[in-house]
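Engineer: What shape does this take:
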Amino acid sequence: MKIGVVGAGAWGTALANTSANAGSDVVLWARETEVCQSINNNHENELFLKGVKLNKNIKATNDIDEILATELVLLVTPAQFLRPTLEGLKDKWPSDLPAVICSKGIEQSTGKLLSTVIHETLPDVEVAVLSGPAFASEVAVSLPTAVTVACDDDEVLNKIIKATANPAFRPYASHDIVGPQIGGSIKNVLAIASGIIEGKKLGDNARAALITRGLAEMMRLAVTMGGTRDSLTGLSGLGDLTLTASSMQSRNFSLGVAIGQGEKFSDILAKRRTVSEGVYTASAVKNSSEKLGCEMPICDAVYDLLHNGTDVNEVVMRLMNRPLKKELEK
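Structural biologist: Numbering: from 1, shown residues only. Below you'll find the model as predicted:
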């Protein structure tokens with residue numbers, strides 16, 4: 001099978017490599033000329049995934065139109081750049097070429113899920129989602145990984161699984177495309193909160209409580225938006241949250257750690273090449289949850305901390321002093 005991958009950052013390159021290891025011929029689109037040269041000449045993405053030798057069945061290109069001559073496209077651009085990327089392709093994209101969302105996030109300016117962004121720019125195209133607990137650095141070197149692949153169309157679902165599955169990469173099928181998007185997005189906000197707990201040395205009890213109550217918030221929003229609770233108890237919900245909220249490999253968790261240790265948010269961002277996606281998602285979730293009347297106190301607290309400059313100690317105190325309630329109460 002010939003597949004296209006849009007976005008040659010660490011995650012896009014890792015997915016290209018695991019797909020090539022599954023036997024697919026991969027066309028990987030990169031914005032940077034030096035990335036294409038590095039992949040095509042040295043079989044390595046020296047800019048974003050240095051030190052990882054890539055499968056020779058990967059061809060990198062700067063011409064994004066080349067991905068349209070494939071059977072399946074994995075979209076791995078940062079969430080906030082998905083719409084402008086697709087706007088430039090909407091008049092050329094074949095209606096029978098499925099689009100697989102592999103980015104994690106919610107469009108900040110509209111609060112819309114990425115599947116909605118695709119439906120608005122490519123209305124006739126079948127949409128799928130690939131999400132789960134997967135660090136790019138581990139997927140790229142074939143460490144064992146399991147993810148969720150979701151799509152309404154079973155034929156497309158099986159095509160995605162065939163294109164990516166190999167002994168080190170195990171996709172599980174689902175028909176819920178909303179739940180995995182909510183899980184993959186909100187876990188980044190919760191990972192920032194978990195990092196703050198680590199940075200302030202508030203203890204393992206606090207982190208366990210945050211992960212559990214954070215999962216309840218994810219479920220609440222997912223169901224409100226048409227997803228299922230079951231998806232959030234699986235790989236793309238609890239699995240992804242557990243991974244991202246407990247490892248310094250996560251840019252969101254490490255951001256939270258730095259904040260918890262007393263660094264200024266603006267100073268942290270100034271030192272980083274890219275903004276952690278949870279920063280954007282916190283804003284989008286705040287807007288969406290308020291419109292839908294969905295209570296999300298932890299995500300609200302992270303939003304206030306990042307975007308309103310609320311003091312960390314005040315945020316923690318506010319969460320701990322909320323009215324007591326039943327555990328399973330909505």
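Engineer: Surely residue 220 touches residue 295?
Structural biologist: Yes: the criterion here is CB atoms under 8 Å, and residue 220 meets it with residue 295 at 7.0 Å. All C-beta atoms are positioned from the backbone trio N, CA, C, and that covers glycine.
Engineer: so who does the closest residue to residue 222 other than its chain neighbours touch?
Structural biologist: Counting by CB to CB, 6 or more residues apart in numbering, the nearest residue to residue 222 once its immediate chain neighbours are dropped is residue 182, at 4.1 Å. Residues near residue 182 by CB atoms under 8 Å, 6 or more residues apart in numbering: 113, 218, 221-222, 225, 227, 232, 237.
Engineer: could those residues go into JSON lines alongside distance to residue 155?
Structural biologist: Output for these, formatted as JSON lines (distance: CB to CB, whole Å):
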{"residue": "113", "distance to residue 155": "23"}
{"residue": "218", "distance to residue 155": "29"}
{"residue": "221", "distance to residue 155": "30"}
{"residue": "222", "distance to residue 155": "25"}
{"residue": "225", "distance to residue 155": "26"}
{"residue": "227", "distance to residue 155": "22"}
{"residue": "232", "distance to residue 155": "26"}
{"residue": "237", "distance to residue 155": "26"}
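Engineer: Would you mind checking those for buried ones?
Structural biologist: 113, 218, 221-222, 225, 227, 232, 237 (16 or more other CB atoms under 10 Å).
Engineer: Which one's more surrounded, residue 220 and residue 295?
Structural biologist: residue 220 (19 against 15; other CB atoms under 10 Å).
Engineer: hang on, that one in a helix?
Structural biologist: Yes: the assignment for residue 220 is a helix, going by DSSP: H, G, I helix; E, B strand; the rest coil.
Engineer: Give me the distance between the residue nearest the centre of the chain and residue 79.
Structural biologist: When CA atoms, centre = their mean is applied to the chain, the residue found nearest the centroid is residue 104 (2.2 Å). According to CB to CB, to the nearest Å, residue 104 stands 7 Å off from residue 79.
Engineer: would TSV of the contacts of residue 182 with distance to residue 290 and pLDDT be doable?
Structural biologist: What follows is the contacts of residue 182, written out as TSV (distance: CB to CB, whole Å; pLDDT from 0 to 100):
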residue	distance to residue 290	pLDDT
113	16	97
218	17	96
221	11	96
222	17	96
225	14	95
227	19	96
232	21	96
237	22	97
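Engineer: show me where pLDDT drops low in this protein?
Structural biologist: For the chain, the stretches flagged by pLDDT under 70 are 329-330.
Engineer: Give me the common contacts of residue 104 and residue 79.
Structural biologist: Counting by CB under 8 Å, 6+ apart, the common neighbours of residue 104 and residue 79 are 185, 277.
Engineer: could you pull out the helices for the stretch 51-200 of the chain?
Structural biologist: 82-87, 114-121, 136-140, 154-164, 178-199 (DSSP state H, counting those that start in this stretch).
Engineer: who's in contact with residue 283?
Structural biologist: By CB under 8 Å, 6+ apart, residue 283 lies in contact with 108, 303, 307.
Engineer: Work out for me the element the second one sits within.
Structural biologist: Translated: residue 303. helix 297-307 (DSSP states H and E).
Engineer: buried set for the next helix or strand along the chain from that helix?
Structural biologist: Downstream of helix 297-307, the next assigned helix or strand under DSSP H and E is helix 312-320. Buried residues in helix 312-320, defined by neighbour count with 16+ other CB under 10 Å: 312, 315-316, 319.
Engineer: Just confirm residue 286 contacts residue 297, I think it does.
Structural biologist: No: taking CB under 8 Å as the definition, residue 286 is not a contact partner of residue 297, at 11.3 Å.
Engineer: Between the two, which has more neighbouring residues?
Structural biologist: residue 286 (20 against 14).
Engineer: and the nearest residue to the more buried one once chain neighbours are set aside, how many neighbours?
Structural biologist: Leaving aside its sequence neighbours, residue 286 sits nearest to residue 303 (CB to CB, 6+ apart; 4.4 Å). Neighbourhood size, residue 303 [other CB under 10 Å]: 23.
Engineer: With residue 143 instead?
Structural biologist: 12.
Engineer: same thing with the one 4 residues further on?
Structural biologist: In terms of burial, residue 147 registers 26 neighbours under the definition other CB under 10 Å.
Engineer: ditto for residue 167
Structural biologist: Per other CB under 10 Å, the neighbour tally for residue 167 reads 9.
Engineer: contacting residues around it?
Structural biologist: Residues near residue 167 by CB under 8 Å, 6+ apart: residue 142.
Engineer: for residue 129, same thing?
Structural biologist: Taking CB under 8 Å, 6+ apart, one finds 100-102, 115, 148-151, 177, 180-181, 184, 236 in contact with residue 129.
Engineer: and what of residue 318?
Structural biologist: Neighbour list for residue 318: residue 301 [criterion: CB under 8 Å, 6+ apart].
Engineer: Now the terminal residues of stretch 190-207, how far apart.
Structural biologist: Start to finish, the residues bounding stretch 190-207 are 10 Å apart (CA to CA, to the nearest Å).
Engineer: Show me what counts as buried in it.
Structural biologist: 190-200, 206-207.
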